[in-house]
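> what's the 3D shape of this:
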Amino acid sequence: MLKRLAATLIAGLAFSGLAQAQDTTVKFTLGWKTQGSDAAFFVAKDKGYYKAEGLNVVIDQGEGSGATVTRIMGGAYDAGFGDVNAIIQNAAAKPGEAPVMVYMIWNRPPFAISSKKATGITKPKDLEGKTLGGAQGTPTTRLLEVFARKNGLDMTKIKLSNMAPNLQEPLLIKGDIDGALVFNITSYFNLLLNRQDPDKDFNWLTFGDYGLDLYSNGLMVSQKMIKENPKAVAGLVRATNKAMIEIAKDQAVGMKSVMAFDNLVNEAIEKKRLQYSFTELMVSPEMKEIGVGDTKDDRMARAIGIIVEGYQLPRTPKPEEIFSRAFLPPKAERELVYTAN
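Predicted coordinates for the structure are as follows:
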């Protein structure tokens, strides 16, 4: 009897080990340190949505949404949350190596110029005669000249001061610069943490509203993963989408998983950041039309053209090199309805 029980137990453990071994491990990098806007990935992991797709998703913090692309290209990661515009830059030079976006999350770009309302910058033309602070190499800084051309600005009348990203808000608050070239989803909360009111006391010129209608961050995967395990890619997208739809209706679900992943983050700030990501970067007329996760080919082609111009790239990639909708669930499963709570 004991021998039979032991044999049954060993067989069960062996079967369990086999089942676990069959799970595909996916090394996943975030775009930055833990933030509320990453909640969908944590929920999908915590609630077993990835597991149900046969995936063991290992999530690491990131070093910047552009670095997500280079991390995947280097082979250290299979997938991640990062900037589609960085894919465009790399695909122009290394088309066989750049990752592919498979689920667009931020339908609108976060690139913006923030300024104190007292400075009087309410439209692009007001930037002439002003000093702007930007971190060298960031998309907002790199695309400033394209922004200027699109809006008829004379760049010789705009002074650009290079600075580290962590100095932008402090110098803006002090009045040492008139405007800061920022990511709105970062700068808005840096101002809050500096005891400022970013709605009442600051203006925001968002590039997407002034001729630079770009896409932004989403879920990307390596070309290797697409070729070798398309089923895993589809499962990764399906599970992430399920969590995203859920969080849109109940942000508390998202924040529970965020705090479980990293209990050192400021919960109140990160919940606001999560909500901001929906209202400012995700929910749009286009998203409502085509569903979360998808893009429009004609808009993507125009966006690629803007990046090629801004970065003076050697080649113009085709939209299908940058984004694939082959792994998206049906539109009926991607109809996101956001309710703040």
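> Could you chop this protein up by domain?
Domain assignment for the chain, taken from automatic domain parsing, gives 23-108+215-333, 111-209.
> Let me have those domains in TSV, adding mean pLDDT and mean neighbour count as columns.
C-beta coordinates here come from the backbone N, C-alpha and C atoms, glycine included. TSV is the format used below for the domains of the chain (pLDDT from 0 to 100; neighbours: other Cβ atoms under 10 Å):
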stretch	mean pLDDT	mean neighbour count
domain 23-108+215-333	96	20
domain 111-209	96	18
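> want to throw these into TSV with distance to N341?
Converted to TSV, the domains of the chain look like this (distance: least, Cβ to Cβ, whole Å):
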stretch	distance to N341
domain 23-108+215-333	6
domain 111-209	19
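> Out of these, flag the one nearest T339.
Minimum separation from T339 across these (Cβ to Cβ) falls at domain 23-108+215-333, 5.6 Å.
> which residues in this structure form strands?
Residue ranges of the strands in the chain, as given by DSSP state E, are 24-29, 55-60, 79-83, 100-104, 111-116, 131-134, 159-162, 179-183, 202-206, 217-221.
> Figure out which of these is closest to V146.
Nearest of those (Cβ to Cβ): strand 111-116, 10.5 Å.
> so who does the spatially most central residue of the chain touch?
When Cα atoms, centre = their mean is applied to the chain, the residue found nearest the centroid is N217 (2.8 Å). By Cβ atoms under 8 Å, 6 or more residues apart in numbering, the residues touching N217 are G31, S65, F81, G82, D83, V84, I105, W106, P110, L281.
> go on, K33?
So K33 contacts Q61, G62, D262 (Cβ under 8 Å, 6+ apart).
> Also T122?
Contacts of T122 by Cβ under 8 Å, 6+ apart are N203.
> where does it fall, phi/psi-wise?
phi -120, psi -10 (degrees, to the nearest 10).
> Offset the numbering so it begins at 47, please.
Right, with 47 as the first residue, what we last looked at is T168.
> how near is it to A158?
Computed with Cβ to Cβ, to the nearest Å, the distance linking T168 and A158 is 14 Å.
> cool, V267 as well?
Separation of V267 from A158 (Cβ to Cβ): 28 Å.
> before we move on, what about D222?
19 Å.
> quick one: contacts of stretch 232-248?
Residues from elsewhere that reach stretch 232-248 (Cβ under 8 Å, 6+ apart): 156, 158, 160-164, 211, 214-216, 219, 226, 250, 312, 315, 318-319, 322.
> So what would you say the end-to-end distance of it is?
Criterion Cα to Cα, to the nearest Å; first-to-last residue distance in stretch 232-248 is 14 Å.
> Please state the offset of that stretch from the chain centre?
How far stretch 232-248 lies from its chain's middle: 21 Å, per Cα atoms, centre = their mean, to the nearest Å.
> try stretch 74-81
Put simply, stretch 74-81 sits 9 Å off its chain's centre (Cα atoms, centre = their mean).
> just to revisit the earlier point, which residues does the closest residue to the residue nearest to the centre of the chain other than its chain neighbours contact?
Closest residue to N263 in three dimensions, ignoring its sequence neighbours and counting by Cβ to Cβ, 6 or more residues apart in numbering: W152, at 4.4 Å. For W152, the contact set (Cβ under 8 Å, 6+ apart) comprises Y261, S262, N263, G264, S323, L327, M328.
> Recalculate using a threshold of 7 Å.
S262, N263, G264, L327, M328 (Cβ atoms under 7 Å, 6 or more residues apart in numbering).
> For the third one, list each beta-bridge partner.
With DSSP bridges applied, the residues forming beta bridges to G264 are G128, M150.
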